[in-house]
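**Q** Sharing a sequence plus its predicted fold:
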Amino acid sequence: MNIKKMKMQLVATAASVLISGVALTSATYAWYVSNNSVTANTTTISATTNGFILQIAEADKGAQHGGNDQSLSATTLGGKITPSSTSDLKDWYICLGWDSHGNVTTYTQPTFNTKTDSKPGEYEAGGESHYAYLKSEYILYTMTETGLADVYLDSNEGKPITVAIDNGKTASSTTIPDSMRIALTTQPLAADGKTPTGTETLRVVYAPTEETRKGNDATAENGMTCIATVDQAAKLTSVPYSYIYDTHYSDQDGKNWSVIKEDEDYVFPTGYTENNSEAIAKNVGYNGILLRTYIWMEGTDADCVNNSATEDEATYSVTLRLAGIASNGN
């Protein structure tokens, strides 16, 4: 099938999220103990434009309109992340107990801190602060009121989401990068370009590697799984959200989430059109839309085993690349 061109004005945006990893203490029996942690110091999203002016900024600052001030980057701070699991980014679980074979049998929902200086996902365990996830908020918007943009993952130069070591260290295991999950959500904004309105929508979750094996949960299943709230109890289930992995950018329902570049135009990959593709965000305009990133280590992942992750001093850089195209208004 011929690749269908999108004959529209285009923009390329590049975004990067920086995760730092240190000292995972060896543990052979569970995907979480209180002293197993990954320190995530900074999350950064930076954007560059090409043609159709799509911008990115920290959500609390709002759209940076006016003059020649083009918002090309945004930075937020992170913290320690420990293995956790969720089905919807609302109910989060960590390991509570395990059997004599080292299989996780029970789970608990962490009590998140509510102090004014606390960050999303922060909780106390073992006398220390940890994070079940890292959450960052950004605004995507156009610089002019003359058009709308649809935003897709940009796979033109390889993976649109990558996890790589960037501090010259050698990773002692693949626990951190291979069990990582990166979720993207969107939420409408009011006319002020700052106030969230409506419902936050989980668009897609990315896994750096394909998951086909079982984790070390007592009820483990092959494939992408999570701990979900079922009949008011924690239960291991197949993930209910749309997900993509590695270089596979179509989800389990066959929907494509990426575009590539052909000459000066972005196109859908061979076999896909707008009708069987999904955008991260549709009809992004002058007032913008809220883009959130959630990053966590999926505890039920078969790679989330800590016995070989001792003293991991590698720093992991997670890079997200987005491409915007002029919307047809649908």
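**A** Perfect, thanks for sending it.
**Q** Over to stretch 292-303 now: how far is its first residue from its last?
**A** Length of stretch 292-303, first residue to last, Cα to Cα, to the nearest Å: 25 Å.
**Q** Ok, stretch 258-269 next?
**A** End-to-end distance of stretch 258-269 (Cα to Cα): 8 Å.
**Q** Quick check: mean pLDDT of that stretch?
**A** On average, the pLDDT along stretch 258-269 is 86.
**Q** Just give me how far that stretch sits from the chain centre.
**A** 23 Å (Cα atoms, centre = their mean, to the nearest Å).
**Q** what's the neighbour count on H248?
**A** By other Cβ atoms under 10 Å, 11 other residues sit near H248. C-betas here are computed from N, CA, C, even on glycine.
**Q** which residues touch T197?
**A** Residues in contact with T197 (Cβ atoms under 8 Å, 6 or more residues apart in numbering) are Q187, P188, L189, A190.
**Q** got it, and G285?
**A** Shown in contact with G285 (Cβ under 8 Å, 6+ apart): Y141, T142, E145, G147, L148, A149.
**Q** Narrow the residues you listed to just the buried residues.
**A** Applying 16 or more other Cβ atoms under 10 Å to those, the neighbour count classes Y141, T142, G147, L148, A149 as buried.
**Q** Who are the contact partners of the closest residue to the fourth one other than its chain neighbours?
**A** In this structure, L148 finds its nearest non-sequential neighbour in S327, 3.9 Å apart by Cβ to Cβ, 6 or more residues apart in numbering. For S327, the set of contacting residues under the criterion of Cβ under 8 Å, 6+ apart consists of G147, L148, A149, D150, K282, N283, V284.
**Q** Please enumerate the helices of this structure.
**A** Ranges of helices within the chain are 175-179, based on DSSP state H.
**Q** quick one: low-confidence ranges for it?
**A** 1-54, 66-80, 145-146, 165-174, 306-317, 329 (pLDDT under 70).
**Q** please redo it, this time with the cut-off set to 80
**A** Filtered on pLDDT under 80, the chain yields the residue ranges 1-81, 101-102, 125-128, 142-147, 163-176, 264, 305-319, 324, 326, 328-330.
**Q** Mind telling me which residue is nearest the centre of it?
**A** I182 (2.2 Å; Cα atoms, centre = their mean).
**Q** still on that earlier bit, biggest separation within the buried ones among the contacts of G285, which pair?
**A** Y141 and G147 (11.8 Å; Cβ to Cβ).
**Q** so where do the strands sit in the stretch 151-300 of the chain?
**A** For the stretch 151-300 of the chain, applying DSSP state E, counting those that start in this stretch gives strands covering 161-165, 180-188, 201-207, 225-230, 233-238, 243-245, 258-262, 265-267, 281-284, 289-297.
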